[in-house]
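Asker: what follows is a predicted structure for the sequence shown.
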Amino acid sequence: MVRDGIFYALGFTAAGILISWILGPWDALPLFLLAAFCGWFFRDPERPIPVGPVAVSPADGKVVAVATEANGQTRISIFLNIFDVHVNRSPISGVIADFVYQKGKFLVASQEAASSDNEQTIITVRAQDGTQVVFKQIAGLIARRIVFTKKPGEFVQAGERIGLIKFGSRMDVILGPEWYILVSPGSRVSAGSSVLARRAGEVELTLAMKAGIKEPALCQT
């Protein structure tokens with residue numbers, strides 16, 4: 001569980017104990033249920049990270065769009081419902097080249113307009129060979145807080161935890177023409193372990209688990 005979940009769970013539990021003492025356990029039950037929900041919602045499972053020239057999903061959820069953008073780029077949009085893991089991960093290994101916070105609306109995250117109109121953070125990761133991948137943490141109707149734990153200039157590995165979006169939200173990944181897209185609308189993906197695309201002409205390698213490579217110690221959100 002990420003630290004945010006611990007704080008929420010402890011807060012609701014403390015409030016439940018107080019209400020239970022004053023009014024009785026049945027009146028406190030909703031608070032205890034909220035504490036349990038926060039403990040479950042902010043779960044942070046370990047994932048096998050694929051290796052090789054691939055871009056992994058930065059979020060759990062459902063692919064709602066695979067759209068052609070300017071300059072031959074492709075945008076993959078992933079919708080996270082309230083039941084998905086909301087810890088976000090880097091799609092490729094590289095340096096955080098840019099980070100921009102953009103104020104905006106709080107439209108339902110599954111809507112196409114959310115990609116451009118909603119509040120969001122825009123992150124660019126640049127690999128050693130110069131390849132760049134842009135991904136966006138996008139707030140939704142319920143999600144009103146975006147957490148990004150890295151800074152420009154930091155190096156991240158593919159699948160490394162970089163933050164989270166609280167409650168229902170959206171994640172966009174923008175890939176250049178050098179990437180061969182492997183997902184389509186309707187696909188279910190898991191952060192860090194599902195491959196969204198691979199470099200054109202490259203051979204995808206086996207999962208890190210199969211290769212005997214363990215996920216590195218990562219910064220918890």
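Answerer: Looks like it came in fine. Just so it is clear, the structure is predicted and the values come from calculations on it, not from any experiment. Numbering: from 1, shown residues only.
Asker: which residues of this protein score low on pLDDT?
Answerer: 1-9, 12, 38, 40, 142-144, 168, 201-221 (pLDDT under 70).
Asker: go ahead and flag the most central residue of it.
Answerer: Centroid-nearest residue in the chain: Asn88, 2.6 Å away (criterion: Cα atoms, centre = their mean).
Asker: just list whatever residues bridge to that one.
Answerer: Gly163 (DSSP bridges).
Asker: my guess is it contacts Pro58. True?
Answerer: Yes. Counting by Cβ atoms under 8 Å, Asn88 touches Pro58, with 5.2 Å between them. Where you see a C-beta, it was placed from the backbone N, CA and C, and this is true even at glycine.
Asker: now the common contact residues for the two.
Answerer: Ile162, Met171, Ala191 (Cβ atoms under 8 Å, 6 or more residues apart in numbering).
Asker: can you give me the strands for the chain?
Answerer: Per DSSP state E, the chain carries strands over the ranges 54-56, 61-68, 74-80, 87-89, 94-102, 120-126, 132-139, 146-148, 155-156, 161-165, 169-175, 179-181, 188-189, 195-199.
Asker: tell me which of those strands lies nearest to Ala109.
Answerer: Comparison of the strands of the chain against Ala109 by Cβ to Cβ identifies strand 169-175 as nearest, at 3.8 Å.
Asker: report the separation between the residue nearest to Ala15 when sequence neighbours are not counted and Gly11.
Answerer: Counting by Cβ to Cβ, 6 or more residues apart in numbering, the nearest residue to Ala15 once its immediate chain neighbours are dropped is Leu31, at 5.0 Å. From Leu31 across to Gly11, the span is 9 Å (Cβ to Cβ, to the nearest Å).
Asker: higher neighbour count, the two?
Answerer: Comparing Leu31 with Gly11 by neighbour count (other Cβ atoms under 10 Å), the higher total belongs to Leu31, at 19 against 14.
Asker: next, the contact list for that one, please.
Answerer: The neighbours of Leu31, taking Cβ under 8 Å, 6+ apart as the test, are Phe12, Thr13, Ala15, Gly16, Ile19.
Asker: can you report how many residues neighbour the fourth one?
Answerer: If I follow you right, that is Gly16. Count around Gly16 with other Cβ under 10 Å applied: 20.
Asker: how about the last one?
Answerer: Residue neighbour count, defined by other Cβ under 10 Å, stands at 18 for Ile19.
Asker: could you do the second one as well?
Answerer: By other Cβ under 10 Å, the residues close to Thr13 number 18.
Asker: now do Asp44
Answerer: By the criterion of other Cβ under 10 Å, Asp44 has 18 neighbours.
Asker: correct me, but it touches Arg161?
Answerer: Yes. In this structure, Asp44 is within contact of Arg161 by Cβ under 8 Å, at 7.5 Å.
Asker: which of the shared contacts of Asn88 and Pro58 lies closest to Leu80?
Answerer: Met171 (6.8 Å).
Asker: distance of that closest one relative to Ser115?
Answerer: Separation of Met171 from Ser115 (Cβ to Cβ) stands at 10 Å.
Asker: and for Thr124?
Answerer: 16 Å.
Asker: give the contact list for Arg75.
Answerer: Neighbours of Arg75 in contact, by Cβ under 8 Å, 6+ apart: Ala65, Val66, Ala67, Thr68, Glu69, Ser115, Asp172, Val173, Ile174.
Asker: understood, closing this out.
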